[in-house]
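Trainee: after the sequence you'll find the predicted model.
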2 protein chains.
Amino acid sequence: MPKLIVSNQRTDEMIGDLGSLTPEYRRYVAGQAQRMVWLAEAGDVLVLPVQLDEQFLSYVAALKGIDRGSWAVVVPPVGSLGEDVLSRDRLEDPEFVTRLKAAVRDHEVRTILPFHFDRVSVRLARTLGLDRHTPGFPFAAQSGTALLNSKAAFRALAVGHGIPVPFGTVTDDRQEAEEFLWEAIGAGQPVIVKQDFHVGGIGNEIISPVPGIRPIGATGTELITDRAALAAHLDRRWAHYAGPHRGRVVLEHYTPESPAIYSELLVTDEGVRLVGHGEMRMKPVINGLIVPAPSVRLPAFAGFLDDSRQLSETLHRMGYRGSLSVDAIVTPDDTILVNEINGRVVGSAHIHRIGEELVGGDYTRERVLIEKRRVAFPDFRTTLDKLTATSLAFDPARRTGVVVTVHDNGRTGGFGGCCLIAEDDAAARVLEEEVDALFGTAGE
Amino acid sequence: MPKLIVSNQRTDEMIGDLGSLTPEYRRYVAGQAQRMVWLAEAGDVLVLPVQLDEQFLSYVAALKGIDRGSWAVVVPPVGSLGEDVLSRDRLEDPEFVTRLKAAVRDHEVRTILPFHFDRVSVRLARTLGLDRHTPGFPFAAQSGTALLNSKAAFRALAVGHGIPVPFGTVTDDRQEAEEFLWEAIGAGQPVIVKQDFHVGGIGNEIISPVPGIRPIGATGTELITDRAALAAHLDRRWAHYAGPHRGRVVLEHYTPESPAIYSELLVTDEGVRLVGHGEMRMKPVINGLIVPAPSVRLPAFAGFLDDSRQLSETLHRMGYRGSLSVDAIVTPDDTILVNEINGRVVGSAHIHRIGEELVGGDYTRERVLIEKRRVAFPDFRTTLDKLTATSLAFDPARRTGVVVTVHDNGRTGGFGGCCLIAEDDAAARVLEEEVDALFGTAGE
């Protein structure tokens, strides 16, 4: 049953206002939108922000064993924020909707898979008649997605399940926040302050009484040691933390140098399936993944996976259907603390799909996968030629090599992505060095 | 194990801003705060907005078979909003907290039972050292209560469970709301517009294309038949609907003349227990209850109770502990549509407690209970004398008669409440007429 993929990587609901993203970040997001091509099956219709290089589409289709001709790619006209994000005006453009309706009809599409099931996607699904067969549509249609992606709601849900989370609180009260922060500062403890709704660490800041804290999963660190400076900082920043909806703010003890890990799960009508897990490469916000998570060897890891399942079972009961990630940190004493869930197609989805479809077998035990982002590829033909000439291109027989996951066709440079598949950690490191030597990296 | 009862009937979190309540409504709320005395067990400490008549406290204790002397009642000093609501400044007054600490210590209190587990209650619990033993404290401490009382979150949760709800939507988009309303108006269909967070129908309004709609569960009806008037109305009212947090707005088809019913459940560590059910007497917002719900005879009622359990099981998984109500309407074609949950001590709690403790037996099958509010009692002694002289006072042997549930001691007049217990509907109607003849009613 063909589906409609809408690669709305960022939405107003996810971050408050798409217009607040820098043009450079929007270009990065446009590249990341290509990841959803890896989720396409035969006959699917894809809505992407930017038209893709035909060679890239054929490359993906061939690796997946699908006829490229079975896909329709529909790109809406440029919108008020340009061509990089699928902003509301683009997805609701009448001419585009007419074209999309035709494609949906021709391909006998029955369901919709947006990256993020926001209200624009809900309306689009209704307009296209895809509401009836899309699993979880009722939940999404009543704005359930917003509920799921609330960091405040997450903390209540997690502690309600008895799941270990970083010490912290959720409050809309500036005074309470100041007292929480002041107590932490007195104890020499950095705190991460999170907006309720935001992704990729963009809405997060660290407040620390000690210098030298590298902000992993946050945009910066504020050094504060006295009460007056704290009050002045909150005078300046509280409105920002509370966000456009003047909502609740999450405050959590921040443990420096703690790798960020995730589990990805799929919730269907039938139940919950663990898709995989990995570690995020942070510098300082997410920039690629390692699959499987190296911390899988820790005693606490089985508990983390069980907690992930328990949370997902509850989301299943609540009516959510689709992908989700459970995010956590591994503290220096090897404790795993869960700190977020994301109820949407997550950034790891295409990597696990590549693992399942291209690598196959028990890929998480037999292989190490590294996702690299912000790679400066030349044009697609040259990229592939270089990979082939150096024997680095993915080889289905050996089940190792480099898969180009995102190719921005030199549009801006530096926003390509790839998945390195190797037999073990050491081989993966070597492969990454070879790729870096071949293409360099950008955006660092 | 004695508990601390905090009768915070209305909180800023419940309604946005306590200061927005009229002084008259705050006086009503002060009376309603007395209902929690019925939930007190031996040794409990009670925090009430206003000091109660000793005779009333002894009356309640005697009917419950408890020594009045085992209770401590602590009233904080008058606050910025006067003496009728337990506003934050009152509950955080240092002198009061010192007194309360002493009472909590003397009574060996281990847990807290606020009417509404808001952030002020969370802080108070921590200050008093009651956080550790209070069931569900972790969930409440992370602002889980706010999540539970979101009408928007409710709709996602309910449809996610496949529970019948009124046709409707949840949106923060004025344009989407206008289109939803316009479509309904075109179909001759009234719509109820609800603020995300509010109680007792206070935040709700009805927009109707047909005249003569009695606003049950809402404060008023706006007659709108053309698009320009709709747009103008939303220009005026949208900011109000979105509320102080500019949040999501709930829009639902409104079916006139549909009785409002509820089920009350208790979520403990062990699981979920159905406490009872009833119908709300609306004129136009809630003014008392009938227990059991007359609609218990309908074929759909068993499904309603099952849905209530299913929702509560999910809240149990989510980490909520305590009372909750599942609210619904019974449409003229005898369909039951669930339209709200309230995760707090609910207004029916004391009535069911009176049923269990004073009436006993299988009281929901053997008796009809009517809660009356806004009764104009004279002073307490005279009230009791009149009830005794007319043989209307509750008789534990016959298990019928009138229990005075709320007595405002003539402070303002008209905000008393009582529970009428009779053998059947007909007897209950007669009893109500007798009580009306004796005391009259006020506030209508």
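Mentor: Looks like it arrived, so ask away. Numbers count the residues shown, from 1 in each chain, chains lettered A, B, ... in the order given.

Trainee: per-residue confidence for A:L63?
Mentor: On pLDDT, A:L63 comes in at 98.

Trainee: run a quick neighbour tally on A:R10.
Mentor: Using other CB atoms under 10 Å in any protein chain shown, A:R10 has 26 other residues around it. No exception for glycine: its C-beta is placed from N, CA and C like everyone else's.

Trainee: thought A:L18 was touching it, still the case?
Mentor: Yes: between A:R10 and A:L18 there is a contact at 6.1 Å, judged by CB atoms under 8 Å.

Trainee: what do these two both touch?
Mentor: When contacts are counted by CB atoms under 8 Å, 6 or more residues apart in numbering or on different chains, A:R10 and A:L18 have A:26, A:85 as shared neighbours.

Trainee: contacting residues around A:A33?
Mentor: By CB under 8 Å, 6+ apart, the neighbours of A:A33 are A:7, A:9, A:48-50, A:86, A:115.

Trainee: gap between it and B:G414?
Mentor: Look at A:A33 and B:G414: by CB to CB, to the nearest Å, they are 63 Å apart.

Trainee: do the same with A:S87
Mentor: When CB to CB is applied, the distance between A:S87 and B:G414 equals 56 Å.

Trainee: A:A293 and A:F301 touch, don't they?
Mentor: Yes: here A:A293 reaches A:F301: they are 7.5 Å apart, a contact under CB under 8 Å.

Trainee: quick one: which of those two has more around it?
Mentor: More crowded of A:A293 and A:F301, by other CB under 10 Å: A:A293, with 26 against 21.

Trainee: do you know the pLDDT at that one?
Mentor: 97.

Trainee: which residue does the stretch 151-300 of chain A have closest to chain B?
Mentor: Using CB to the nearest CB, the single residue of the stretch 151-300 of chain A nearest to chain B is A:G160, 1.5 Å away.

Trainee: again with the stretch 251-400 of chain A
Mentor: Counting by CB to the nearest CB, the stretch 251-400 of chain A gets nearest chain B through A:G319, at 1.5 Å.

Trainee: you'd agree that residue is up against B:G160?
Mentor: Yes: assessed by CB under 8 Å, A:G319 is found in contact with B:G160 at 1.5 Å.

Trainee: list residues touching both of the two?
Mentor: With CB under 8 Å, 6+ apart as the test, A:G319 and B:G160 both reach A:136, A:138-139, A:144.

Trainee: narrow these to those in helices?
Mentor: A:138-139, A:144 (DSSP state H).

Trainee: got those residues as CSV, with neighbour count columns?
Mentor: Output for these, formatted as CSV (neighbours: other CB atoms under 10 Å in any protein chain shown):
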residue, neighbour count
A:P138, 21
A:F139, 27
A:G144, 29
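
Trainee: and which of the residues you listed is nearest to A:L274?
Mentor: A:F139 (21.1 Å; CB to CB).

Trainee: against B:S150, how distant is that closest one?
Mentor: In terms of CB to CB, A:F139 sits 14 Å off from B:S150.

Trainee: not counting the helix or strand harbouring A:R365 itself, show me its contacts.
Mentor: Using DSSP states H and E, A:R365 falls within helix A:363-366. Contact with helix A:363-366 is made by A:276-277, A:291-292, A:355-356, A:359, A:369, A:399, A:423, as judged by CB under 8 Å, 6+ apart.

Trainee: please indicate which of those residues are buried?
Mentor: Among these, those classed as buried by 16 or more other CB atoms under 10 Å in any protein chain shown are A:276-277, A:291-292, A:355, A:359, A:369, A:399.

Trainee: for A:A40, give its distance to A:R132.
Mentor: 22 Å.

Trainee: what stretches of the stretch 251-400 of chain A score poorly on pLDDT?
Mentor: Filtered on pLDDT under 70, the stretch 251-400 of chain A yields the residue ranges A:283-286.

Trainee: list the contacts of the residue of the stretch 151-300 of chain A closest to chain B.
Mentor: Counting by CB under 8 Å, 6+ apart, A:G160 has contacts B:136, B:138-139, B:144, B:317-320.

Trainee: taking those residues together, which two end up most distant?
Mentor: B:P138 and B:R317 (13.7 Å).

Trainee: show me the longest helix that occurs in chain A.
Mentor: Under DSSP H, chain A gives helix A:301-318 as its longest helix.

Trainee: elements contacting it?
Mentor: Here helix A:301-318 touches helix A:151-160, strand A:260-268, strand A:271-282, strand A:322-330, strand A:336-342, helix B:151-160, helix B:301-318, going by 3 or more CB pairs under 8 Å, 6 or more residues apart in numbering or on different chains; DSSP states H and E.

Trainee: now tabulate these in TSV and tack on distance to A:V193.
Mentor: Output for the helices and strands packed on helix A:301-318, formatted as TSV (distance: least, CB to CB, whole Å):
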stretch	distance to A:V193
helix A:151-160	11
strand A:260-268	17
strand A:271-282	18
strand A:322-330	16
strand A:336-342	13
helix B:151-160	24
helix B:301-318	25
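
Trainee: and A:L181, which of those is closest to it?
Mentor: Nearest to A:L181 among the helices and strands packed on helix A:301-318 is helix A:151-160 (16.6 Å), distances taken as CB to CB.

Trainee: establish whether stretch A:170-187 and chain B are in contact.
Mentor: Yes: using CB under 8 Å from any CB of the partner chain, stretch A:170-187 reaches chain B at A:170-173, A:176.

Trainee: what does that stretch contact?
Mentor: Contacts of stretch A:170-187 (CB under 8 Å, 6+ apart): A:152, A:155-156, A:168-169, A:190-191, A:193, A:207, A:209, A:224-225, A:227, A:230-231, A:234, A:238, A:241-242, A:246-251, A:253, B:119, B:123, B:142-143.

Trainee: quick check: next helix or strand after the helix or strand where A:K101 lies?
Mentor: Using DSSP H and E, A:K101 falls within helix A:94-106. Counting by DSSP H and E, the element after helix A:94-106 in chain order, helix or strand, is strand A:111-114.

Trainee: by contact count, what packs against the next helix or strand after that following strand?
Mentor: Moving toward the C-terminus from strand A:111-114, the next helix or strand (DSSP H and E) is helix A:119-127. Contacts defined by 3+ CB pairs under 8 Å, 6+ apart place helix A:119-127 against helix A:88-91, helix A:94-106, strand A:111-114, helix A:137-141.

Trainee: before we move on, back to that, which residue is the nearest non-sequential neighbour of the residue of the stretch 151-300 of chain A closest to chain B?
Mentor: B:G319 (1.5 Å; CB to CB, 6 or more residues apart in numbering or on different chains).

Trainee: B:F137 versus that neighbour, what's the distance?
Mentor: 10 Å.

Trainee: for A:L157, same thing?
Mentor: Noted for A:L157: a distance of 15 Å to B:F137, by CB to CB.

Trainee: get me the contact residues on the stretch 51-200 of chain A for chain B.
Mentor: Checking the stretch 51-200 of chain A against chain B by CB under 8 Å from any CB, the hits are A:119, A:123, A:136, A:138-139, A:141-144, A:146-147, A:150, A:152-153, A:155-162, A:169-173, A:176.

Trainee: ok, 7 Å please
Mentor: Contact residues, the stretch 51-200 of chain A versus chain B (CB under 7 Å from any CB of the partner chain): A:119, A:138-139, A:141-144, A:147, A:152-153, A:155-157, A:159-161, A:169-171, A:173, A:176.

Trainee: same deal with the stretch 251-400 of chain A?
Mentor: The stretch 251-400 of chain A has residues A:314, A:317-320 near chain B, with proximity defined as CB under 7 Å from any CB.

Trainee: show the buried residues in these.
Mentor: For those, buried by 16+ other CB under 10 Å: A:314, A:317-320.

Trainee: identify the farthest-apart pair in those.
Mentor: Farthest apart among those - using CB to CB - are A:T314 and A:G319, which lie 10.7 Å from each other.

Trainee: picking up where we left off before, reformat the contacts of helix A:363-366 as CSV; add secondary structure.
Mentor: Formatted as CSV, the contacts of helix A:363-366 follow (DSSP: H, G, I helix; E, B strand; the rest coil):
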residue, secondary structure
A:G276, strand
A:H277, strand
A:V291, strand
A:P292, coil
A:G355, helix
A:E356, helix
A:V359, helix
A:L369, strand
A:R399, coil
A:E423, coil
